[in-house]
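S.K.: Coordinates only, no sequence provided:
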């Protein structure tokens, strides 16, 4: 099937009307289709520009999004697996073999979930009151709420999340894991009022990433009512980070090498690199 035929089929499947085409010579350089409509013979020939590649890419992205969204319904039973993706494809109206669209299997499903949760957190943070951000240099309460809110999004999949963590540590998934984690901490820092562009920009984000990952592991074992223990854990880690930040501010030159070394080790631990051989 030619590219044009695939586009037409995708457009029809999206309930968009396409006129019958009698002859369609294509100029590959200008990406122009010359359209001769049989049902309008008296009109002059029209030049219709169709962004073929863009249409195909967008259609494929829409299909992937639909499949992964439905696949989340099957995670509690089948885990972060190809089986869940296949079931999601069938639930979305596509054949089960559509799981072939996701070369990383469960890794792609975890990545989709992380992106979705990060976007939902940003929407929520934008609506939170900003008055408290002016009270202190480090808006600890705002950061605590952001981390805790993000962790609660894991709740429906809490029993399967240890497997998701293991999947993210696989070599072919590490880059996606790092990207979504850094996006998360950058969004939290930004919406908490951090506009720094200095050395502390890196330290704050690596430190916050470490706090989040440590809190994530604690949350998985937390059986306290309404996650009270997890909140307390997050609060303690933020206070520790504040003490470190204070030490850096007092003597940044002497603290910098040790801080960078600790940040590097933390980053490796976050990604599970220390356990990879």
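M.R.: Here it is on my side, so go on. The model shown is predicted, which means the values in this text are computed figures rather than measured ones.
S.K.: Poorly predicted segments of the chain, please.
M.R.: 1-51, 131-138, 197-199, 244-277 (pLDDT under 70).
S.K.: Domain-wise, how is the protein divided?
M.R.: For the chain, the domain assignment from automatic domain parsing gives the residue ranges 3-50, 59-102, 106-275.
S.K.: For the stretch 151-277 of the chain, which segments count as helices?
M.R.: Using DSSP state H, counting those that start in this stretch, the helices of the stretch 151-277 of the chain run over residues 161-168, 174-191, 199-221, 228-250, 252-271.
S.K.: and the first one, which residues are buried?
M.R.: Which is helix 161-168. Neighbour-count burial for helix 161-168, counted by 16 or more other Cβ atoms under 10 Å, picks out 161, 163-165, 167-168. The C-beta positions use only the backbone N, C-alpha and C, and glycine is treated the same way.
S.K.: So what angle separates the directions of it and helix 174-191?
M.R.: Per axes from the mean of the first three to the mean of the last three Cα atoms, to 10 degrees, the angle that helix 161-168 makes with helix 174-191 is 110 degrees.
S.K.: ok, now which ones touch residue 146?
M.R.: Under the criterion of Cβ atoms under 8 Å, 6 or more residues apart in numbering, the contact list for residue 146 reads 121, 125, 188, 191-192.
S.K.: And for stretch 233-242, what's in contact with it?
M.R.: So stretch 233-242 is in contact with 138, 140, 143-144, 147-148, 207-208, 211, 214-215, 218, 222, going by Cβ under 8 Å, 6+ apart.
S.K.: could you redo the last one with a cut-off of 7 Å?
M.R.: The contact list for stretch 233-242, computed with Cβ atoms under 7 Å, 6 or more residues apart in numbering, reads 138, 140, 143-144, 147-148, 207, 211, 214-215, 218.
S.K.: Is it possible to get a markdown table of the residues you listed that adds neighbour count and distance to residue 175?
M.R.: Rendered in a markdown table, the data for these read as follows (neighbours: other Cβ atoms under 10 Å; distance: Cβ to Cβ, whole Å):
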| residue | neighbour count | distance to residue 175 |
| --- | --- | --- |
| 138 | 17 | 30 |
| 140 | 17 | 31 |
| 143 | 25 | 26 |
| 144 | 18 | 29 |
| 147 | 27 | 23 |
| 148 | 17 | 27 |
| 207 | 23 | 21 |
| 211 | 23 | 22 |
| 214 | 16 | 22 |
| 215 | 24 | 23 |
| 218 | 17 | 26 |
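S.K.: which of the residues you listed lies closest to residue 63?
M.R.: Taking Cβ to Cβ as the measure, residue 147 is the one of the contacts of stretch 233-242 closest to residue 63, at 33.4 Å.
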